[in-house]
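Peer 1: Structure here, sequence nowhere to be found:
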């Protein structure tokens, strides 16, 4: 039975120790296997304290990085790139401590930053990304953590929007320690055939996030979930499926994720209904 998880962004941002202690027992009680922990700022939550809490509840962990304003690995100045690398390495350390096998997210540019790129500029940006990410991947490999780079839709970045772009940019980084994080929300916008795109990512899929096409509960949508799951199986991905959605209670994250209306009857429903739908397809 495939492990299923949920991101704490469904309820809160930024995540804190108190927030995790409130949310995690409910997540475990509902029957999730994994809870996903964002690191908006290093130190928002204590990885050792989180590990003890989750171990006691029988929950696994995954960790996501957050590329907020000023976090850049490409088309930036050396000081910004160095500070971003330091942040990413510290997120890797948090993941290793809490027991997450992966650090996932758009580890290349701040979310919402878009700029036009000629083919030559895109190739140079890809080379710059490899150069900037290589020390982070090296650090991750030494801790047993994998870096999963997430393509985002065209409104949130102009650099990596599709599986094919991601595969091309990561080709020179070791597949054992660096791959793709696939998010069905972004794939629904950018991929002409989601299942086929998953197939092209075979061998480099390190993490998968899921939600409805409008960021609501998986299943309350038009997506071909049976086809998506079959493609993940065929591609050899056996990691968790993690529901990622967002609360509108935090102004900055609601704006960043364009959450302008309720996405379900309640935030709990996004998790509980999504879990029920996914469990019905994966049990």
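Peer 2: Cool, got the structure. Keep in mind the model is a prediction, meaning the values are calculated, not measured.
Peer 1: Which residue, neighbours along the chain excluded, lies closest to residue 160?
Peer 2: residue 151 (4.6 Å; CB to CB, 6 or more residues apart in numbering). (Each C-beta comes from the backbone N, C-alpha and C, glycine too.)
Peer 1: Would you agree the one you found is in contact with residue 180?
Peer 2: Yes: between residue 151 and residue 180 there is a contact at 7.1 Å, judged by CB atoms under 8 Å.
Peer 1: Which one's more surrounded, those two?
Peer 2: residue 151 (28 against 24; other CB atoms under 10 Å).
Peer 1: number of nearby residues for residue 3?
Peer 2: Residue 3 is flanked by 15 other residues according to other CB under 10 Å.
Peer 1: check contacts around it.
Peer 2: Contact analysis of residue 3 by CB atoms under 8 Å, 6 or more residues apart in numbering lists 33, 34, 60, 239, 240, 241.
Peer 1: which two in these are spaced the farthest apart?
Peer 2: Distance extremes for the contacts of residue 3: the farthest pair is 60 and 241 at 12.6 Å, using CB to CB.
Peer 1: and for these two, which residues touch both?
Peer 2: Between them, residue 60 and residue 241 share the contacting residues 3, 5, judged by CB under 8 Å, 6+ apart.
Peer 1: So which of these two has more stuff around it?
Peer 2: Using other CB under 10 Å as the criterion, residue 60 and residue 241 rank with residue 241 on top: 27 against 18.
Peer 1: Which pLDDT value belongs to that one?
Peer 2: For residue 241, the pLDDT comes out at 98.
Peer 1: can you check the one 4 residues further on too?
Peer 2: Among the per-residue scores, residue 245 shows a pLDDT of 96.
Peer 1: repeat for residue 125
Peer 2: Note for residue 125: predicted pLDDT of 95.
Peer 1: and it, that's in a helix?
Peer 2: Yes: Residue 125: assigned to a helix according to DSSP: H, G, I helix; E, B strand; the rest coil.
Peer 1: Please name the residues that touch residue 146.
Peer 2: Here residue 146 is in contact with 101, 102, 103, 140, 176, 177, 178, 179, 206 (CB under 8 Å, 6+ apart).
Peer 1: I would like the residues contacting the strand or helix carrying residue 129, please.
Peer 2: Assigned by DSSP states H and E, residue 129 belongs to helix 119-143. The contact list for helix 119-143 (CB under 8 Å, 6+ apart) reads 73-75, 81, 84-85, 88-89, 92-93, 95-96, 103, 107-108, 117, 146-147, 149, 159, 168-170, 172-174, 176-178.
Peer 1: Can you mark which positions in it are buried?
Peer 2: Buried residues in helix 119-143, defined by neighbour count with 16 or more other CB atoms under 10 Å: 122, 125-126, 128-130, 132-133, 136-137, 139-141.
Peer 1: Can you tell me which of these is nearest residue 50?
Peer 2: For these, the nearest to residue 50 is residue 140 (18.7 Å; CB to CB).
Peer 1: ok but residue 270 is inside a helix, no?
Peer 2: Yes: according to three-state DSSP, residue 270 belongs to a helix.
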